[in-house]
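Participant: Just the structure for this:
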Amino acid sequence: MFRLAIAGLTAVFVVAASPPSFAQTTGRMSNVEPNDLTDVRINVVKAALQLTPDQEKLWPPIEQAIRARAKNREARLAKLQERANDMSPLEVLQGRDPIAFLTRRAEA
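Facilitator: Below you'll find the model as predicted:
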């Protein structure tokens, strides 16, 4: 029993300490459509909630809200990308106004 526990802990530490060099991607999914990603997210949430038939009737407004939020996020990221293309990364960081940012967040 003790040897099995030691072997298990050793396996966990080896896997946790190994470098993530096995991944061949950069972390961005460039060839995935945003709508497909939204569909996957909605399906994951719906599956995790395990809705009853009565709750299933209330699902469409929630799905619409998730889609609207994803659409707004996509527009916000496109706007940020446009701003980032016009300026260097240092200029982007120097031009940040935390008060304006928090005000926009409070209004949204």
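
Participant: what is the rounded mean pLDDT of stretch 67-80?
Facilitator: Averaged across stretch 67-80, the pLDDT comes to 91.

Participant: actually stretch 39-52, sorry about that
Facilitator: The predicted confidence, averaged over stretch 39-52, sits at 92.

Participant: residues in contact with Glu74?
Facilitator: Remark: with contacts taken as Cβ atoms under 8 Å, 6 or more residues apart in numbering, Glu74 is in contact with Pro34. Where C-beta positions appear, they are placed from N, C-alpha and C, glycine not excepted.

Participant: what about the helices in the chain?
Facilitator: In the chain, helices defined by DSSP state H lie at 2-17, 34-49, 53-56, 59-86, 89-94, 98-107, listed in chain order.

Participant: Can you give me the buried ones in the fourth one?
Facilitator: Spelled out, that is helix 59-86. Applying a neighbour-count criterion of 16 or more other Cβ atoms under 10 Å, one finds 66, 70 buried in helix 59-86.

Participant: so that helix versus helix 34-49, what angle?
Facilitator: Calculated by axes from the mean of the first three to the mean of the last three Cα atoms, to 10 degrees, helix 59-86 forms an angle of 140 degrees with helix 34-49.
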